[in-house]
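In: Sharing a model prediction with you, sequence too.
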Amino acid sequence: MCKLADDCELSGVKMLFGPEATVDSVGINNFEDQEIPLEAAKQLGRNIAESLNSKK
């Protein structure tokens, strides 16, 4: 199992940007620091909860 993207052969960073890519070299930020994807994830969670609640 991988803990750090820079050391993981299965990292999406390496798959997308090549075997020598690092998180720093491609400018990947923590998910929590990215306002748009974080809000989209929160909205998805709200939509799922609403959908599940409406089926009861």
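Out: It's in. Numbering: from 1, shown residues only.
In: So for this structure, which residue is the most central one in space?
Out: Residue closest to the average C-alpha location in the chain (Cα atoms, centre = their mean): residue 31, at 5.8 Å.
In: How about the contacts made by that one?
Out: Contact analysis of residue 31 by Cβ atoms under 8 Å, 6 or more residues apart in numbering lists 37-38, 41. In short, each C-beta sits where N, CA and C put it, glycine included.
In: quick one: low-confidence parts of this structure?
Out: Residue ranges of the chain with pLDDT under 70: 1-5, 29, 56.
In: Give me the longest helix you can find in it.
Out: Longest helix in the chain by number of residues (criterion: DSSP state H): helix 35-54.
In: May I have it exported as CSV, CA atoms only?
Out: Taking C-alpha atoms only, helix 35-54 is exported to CSV below (Å, rounded to 0.1, in the frame of the first residue of the first chain):
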residue,chain,number,x,y,z
GLU,A,35,-12.1,25.2,-3.0
ILE,A,36,-14.0,24.1,-6.2
PRO,A,37,-13.4,20.3,-6.0
LEU,A,38,-14.1,20.4,-2.2
GLU,A,39,-17.4,22.2,-2.7
ALA,A,40,-18.3,19.7,-5.5
ALA,A,41,-17.6,16.8,-3.2
LYS,A,42,-19.7,18.3,-0.5
GLN,A,43,-22.6,18.9,-2.9
LEU,A,44,-22.3,15.3,-4.2
GLY,A,45,-22.6,14.1,-0.6
ARG,A,46,-25.7,16.3,0.0
ASN,A,47,-27.2,15.0,-3.3
ILE,A,48,-26.6,11.4,-2.2
ALA,A,49,-28.1,11.9,1.2
GLU,A,50,-31.1,13.7,-0.3
SER,A,51,-31.6,10.8,-2.8
LEU,A,52,-31.4,8.2,0.0
ASN,A,53,-33.7,10.1,2.2
SER,A,54,-36.4,10.5,-0.5
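In: Appreciated, that's everything.
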